[in-house]
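Novice: predicted model, plus sequence, below.
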Amino acid sequence: MTPTAVDLTRDPAKALSRGGLPELLDAAALWAPNRRALDFAGRKWSYREVHDLVDRAAASLERLGVGRGDRVGLCLPNSPDYVVAFFAVLRIGAIVVQCNPLYTARELEHILADSGARVLIVSDLETQIAATLEVQRRQPSLTVLCCPMPVSPPRTAPSIPSEWTRFADLPVAPPDRIYPPTDGGDAAVLQYTGGTTGAPKGAILTHGNLTANCEQIRLHLRLEQDTQHCALAVLPLFHVFALTTVLLLSVRVAAEIVLLPRFELNSLLPTIARTRPTLLSAVPTIYGAINGAAADHLPDFSSLLACISGGAPLPFDVREAFEKRTGARLVEGYGLTEASPVVTCNPIDRPPRDHSAGVALPGARIEIRALDDPLREAAVGETGEVCVRGPQVMKGYWRRDEETARVLQDGLLRTGDVGYLDEDGYLFLVDRIKDVILCGGYNVYPRVIEDALYEHPAVAEAIALGMPDAYRGETPHAFVALRTGMTVTPEALRVHLAERLSKIEMPAVIEVRPSLPRTAVGKLSRKDLRAAIEEGRSAAGPPPSVTAP
């Protein structure tokens, strides 16, 4: 039995959002049991084998006490354990809380406390063990399951705390439990994001949201399941872009997923040569790195049917150079966590519209609302706030009713991004209302950096900005003013931040200034600071003092 075709002629939202994520895996294991499902560190698993591992893990988690509606933190690099744990949690009706393995202890603690996660599944990498132990000291009721991570060169497996359980050592429970079909409206994933404003919060992505979005992408890319596709998972699956466009889309068409724990160009290029992938989802930083590789290191890219760029704007010259060097087609899309995440993408069967993020996916609708009147839909070519309707739009923010009401209005998602539609429905983005820094495909929130800086006793004022970066797209820069009579060096501030921020959030530049600009009402002004920096580039003056006046 193969999945039935989706009829979008009557009710696109209903047609796309039916069913749940475990049923995607059930279908793949039923109609393609012997197809390769996973490729990792030299080992391969079929869809039948993965399905069996998921059912056994689900039964074991249930025996551990995990039940319907419970939240389970998943803090793993790309690995078979991630895939098995993800579907096992959903199989029993629990909710996956996506966690970045690079989180500091404080960041991890916030997400676990906010979500109310009872269980955390982590790797046995030393940095993760240390961060998790610190969290567990403050949340002693947290149950921790640990997964071994093979690394190269081989290492001695670290010892884990006696109260932790290795994921593979859970009491073996036979998969004899019959679970009811998943309701598309049930929460599946809490994906933490800064939303349109403020500190990170959990976007509630339902089973229907995620199954709909992977089906929308499949229809847009015209992928069929009659031949085996191969998807390269170089982006981390805890990132919603990779979750949907790599893991879920692959399971939908029973594709092989080649898992890479992290991006390293010297590993990526040989993997492409070995596995001959047909699908590649990546951020502009990765495509730019491929462009910079020596010609004699480039593999044959002819197997790739579609290369998708997301997570940050794709520079025109990066796309042009990639297509020229590899002969592969690269298309840019646009999305956000609250839309599961993909909203638009350039077609793969005709030339892309330069500088455009593409057209709306099947079943989705883009509305441009006037900036001076959100109730008025802007005309073609008129700039306004990008708003989205569709089956992929989130249910809301976890326990944030006011925030939800601010961005979800009558089914319309206000993205906080500014753009316009041309006469053919292509979306062009021109600005961002929010201040999120798009750093190599990751969202970095200025407020997190600023709050960490304010914890230093010498810091009186702080502003974090995203500055252009040829490699990452943007990189964080921090600017501080000091308390009267106090002195501190950028190096000392960097040491201070190292205990509070992840490597991605760490500012590339920390600059101490006599003062920071403010608005007429006394608020610190990022806009005026950015303008002053731009002016300074053309008329650079002496470096600022490191001591407050």
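Specialist: The structure has been received and is ready for your questions.
Novice: C-alpha from now on. contacts and neighbour counts both.
Specialist: OK.
Novice: and the gap between residue 69 and residue 95?
Specialist: 6 Å (CA to CA, to the nearest Å).
Novice: who has more neighbours, these two?
Specialist: Set residue 69 next to residue 95 and count neighbours by other CA atoms under 10 Å: residue 95 wins out with 28 against 16.
Novice: wait, what's in contact with that one?
Specialist: 68, 69, 70, 71, 72, 89, 187, 188, 189, 190 (CA atoms under 8 Å, 6 or more residues apart in numbering).
Novice: next, count neighbours for residue 321.
Specialist: For residue 321, using other CA under 10 Å, the count is 16.
Novice: which non-adjacent residue is nearest it?
Specialist: Counting by CA to CA, 6 or more residues apart in numbering, residue 321 lies nearest to residue 291, which is 6.5 Å off, once chain neighbours are set aside.
Novice: repeat for residue 428
Specialist: Among residues not flanking residue 428 along the chain, residue 356 sits closest, at 4.8 Å (CA to CA, 6+ apart).
Novice: same question for residue 106.
Specialist: Counting by CA to CA, 6+ apart, residue 106 lies nearest to residue 500, which is 7.0 Å off, once chain neighbours are set aside.
Novice: are any of the contacts of residue 95 buried, and if so which?
Specialist: 69, 70, 71, 72, 89, 187, 188, 189, 190 (16 or more other CA atoms under 10 Å).
Novice: which of these lies closest to residue 51?
Specialist: Comparing the buried ones among the contacts of residue 95 against residue 51 with CA to CA places residue 89 closest, at 13.0 Å.
Novice: I'd guessed the closest one sits against residue 83; true?
Specialist: No: with contact defined as CA atoms under 8 Å, residue 89 does not count as touching residue 83 (10.2 Å).
Novice: my read: residue 201 touches residue 113, true?
Specialist: No: Residue 201 lies out of contact with residue 113 (CA under 8 Å); the separation is 11.5 Å.
Novice: which one of these two is surrounded by more residues?
Specialist: Between residue 201 and residue 113, counted using other CA under 10 Å, the more crowded position is residue 201 (22 against 12).
Novice: bridged to residue 344, which residues?
Specialist: With DSSP bridges as the criterion, residue 344 is bridged to residue 334, residue 360.
Novice: hang on, residue 309 packs against residue 281?
Specialist: Yes: using CA under 8 Å, residue 309 makes contact with residue 281 at a distance of 6.1 Å.
Novice: higher neighbour count, these two?
Specialist: Set residue 309 next to residue 281 and count neighbours by other CA under 10 Å: residue 309 wins out with 27 against 23.
Novice: for that one, what are phi and psi?
Specialist: phi -110, psi 130 (degrees, to the nearest 10).
Novice: list the contacts for it?
Specialist: 281, 282, 283, 284, 330, 331, 332, 333.
Novice: swap in residue 284?
Specialist: 309, 310, 311, 312, 313, 314, 315, 318, 440, 441, 472, 473.
Novice: what about the residues you listed, which are in strands?
Specialist: 309, 473 (DSSP state E).
Novice: so can I have a markdown table of the contacts of residue 284 showing pLDDT and distance to residue 78?
Specialist: Listed next are those as a markdown table, based on pLDDT from 0 to 100; distance: CA to CA, whole Å:
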| residue | pLDDT | distance to residue 78 |
| --- | --- | --- |
| 309 | 95 | 19 |
| 310 | 92 | 18 |
| 311 | 85 | 18 |
| 312 | 80 | 21 |
| 313 | 83 | 24 |
| 314 | 88 | 24 |
| 315 | 85 | 27 |
| 318 | 90 | 26 |
| 440 | 84 | 18 |
| 441 | 82 | 16 |
| 472 | 87 | 21 |
| 473 | 90 | 24 |
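Novice: many thanks, we can stop here.
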